[in-house]
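Participant: I'd like to go over a predicted model; first the sequence, then the structure.
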Amino acid sequence: MIVIDSLRKSFFLHLQGGVTLSVLKKISLEVKAGECLALCGPSGSGKSTLVRLLYANYKARDGKILVRHQGQWVDMVKAELRKVLEIRKLTIGYVSQFLRVIPRIPALDVVMEPLQREGIAAHNARRHAEDMLTRLNIPQRLWGISPTTFSGGEQQRINIARSFIKPYPILLLDEPTAALDATNRRVVVELIQDAKERGAAIVGVFHDEEVRDAVSTCIFEMTFDGGQA
Ligand SMILES: Nc1ncnc2c1ncn2[C@@H]1O[C@H](COP(=O)(O)OP(=O)(O)OP(=O)(O)O)[C@@H](O)[C@H]1O
Ligand SMILES: [Mg+2]
């Protein structure tokens, strides 16, 4: 589902004397359906950068990031914006390490939106969203409120609910359990196991060793001078 070949990424810091920061050097890896690859390595080694490159939030310097989309390989390094948006809608779900700006709309609507965008009837989408929110222990009194004022762990669970409500073929999970208590961590582990069983290909960063051991099928060790399998 994912093939990364000789991927390199550096940041050019215009405002800081034009310093170039080389973060990823020649990364190559593969993830098949039903696998969960855990990215490991010290803080600053480029784990989140690699996840963002997979989501085409960042552009690579060179190399390839091939993802399987609707039966075809698409290179996320070269894909046009329109293609990237289509892939995010249909193929790749992403739980970010730091919360994306959550719009000022009720939590329930935030969670059901990926289904509605696909044309699923509102009452069905709502029922699925309610099930997800219940499973992730978001109290019903919060469902009608915008997540902007939610606690860190509540916001993270909204992000998770939104990314797992649809069976995305590829999931990118950047520390999805970082702000969660033990009960909710277990729920997320179950969601990840279910996703693997239905054949999702997952790339994740799991700070928590217990979570990582429970869900990962392979480990990719990142180092400061590139990564190695
Ligand atoms: N947008 C950016 N502009 C400049 N430098 C960046 C940018 N994003 C990341 N970096 C740099 O790239 C390096 C890797 O950052 P990244 O966030 O990928 O690390 P990480 O492995 O996810 O760390 P952590 O475990 O702390 O989350 C860091 O040195 C960081 O400063
Ligand atoms: Mg990170």
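Facilitator: In hand now; what should we look at? Ligands and ions are numbered 1, 2, ... in the order given.
Participant: For the longest helix belonging to the chain, list every residue counted as buried.
Facilitator: Counting residues, the longest helix in the chain under DSSP state H turns out to be helix 182-197. In terms of neighbour count (16 or more other C-beta atoms under 10 Å), helix 182-197 has its buried residues at 184-185, 187-189, 191-192, 195-196. Using the backbone N, CA and C atoms, a C-beta is placed for each residue, glycine as well.
Participant: part of a helix, is Ile158?
Facilitator: Yes: according to DSSP: H, G, I helix; E, B strand; the rest coil, Ile158 belongs to a helix.
Participant: Surely it and Val111 touch.
Facilitator: Yes: using C-beta atoms under 8 Å, Ile158 makes contact with Val111 at a distance of 6.4 Å.
Participant: More neighbours: which of those two?
Facilitator: Between Ile158 and Val111, counted using other C-beta atoms under 10 Å, Val111 has the larger neighbour count: 30 against 23.
Participant: For the more buried one, list the residues it contacts.
Facilitator: By C-beta atoms under 8 Å, 6 or more residues apart in numbering, the residues touching Val111 are 129, 132-133, 158, 161-162, 165.
Participant: switch to 10 Å and redo it
Facilitator: By C-beta atoms under 10 Å, 6 or more residues apart in numbering, the contact list for Val111 reads 125-126, 128-133, 136, 138, 143, 147, 157-165.
Participant: try Ala179
Facilitator: So Ala179 contacts 99, 151-157 (C-beta under 10 Å, 6+ apart).
Participant: again with Leu85
Facilitator: By C-beta under 10 Å, 6+ apart, the neighbours of Leu85 are 56, 79.
Participant: and the gap between Tyr94 and Pro139?
Facilitator: As for Tyr94, its distance to Pro139 is 25 Å (criterion: C-beta to C-beta, to the nearest Å).
Participant: Does Thr148 touch Arg104 like I think?
Facilitator: Yes: contact criterion C-beta atoms under 10 Å: Thr148 and Arg104 qualify, at 6.1 Å.
Participant: Of the two, which one has the most company?
Facilitator: Neighbours per residue (other C-beta under 10 Å) separate Thr148 from Arg104, with Thr148 holding more: 13 against 10.
Participant: Checking the more buried one next. Helix, strand or coil?
Facilitator: Thr148 - assigned by three-state DSSP - is helix.
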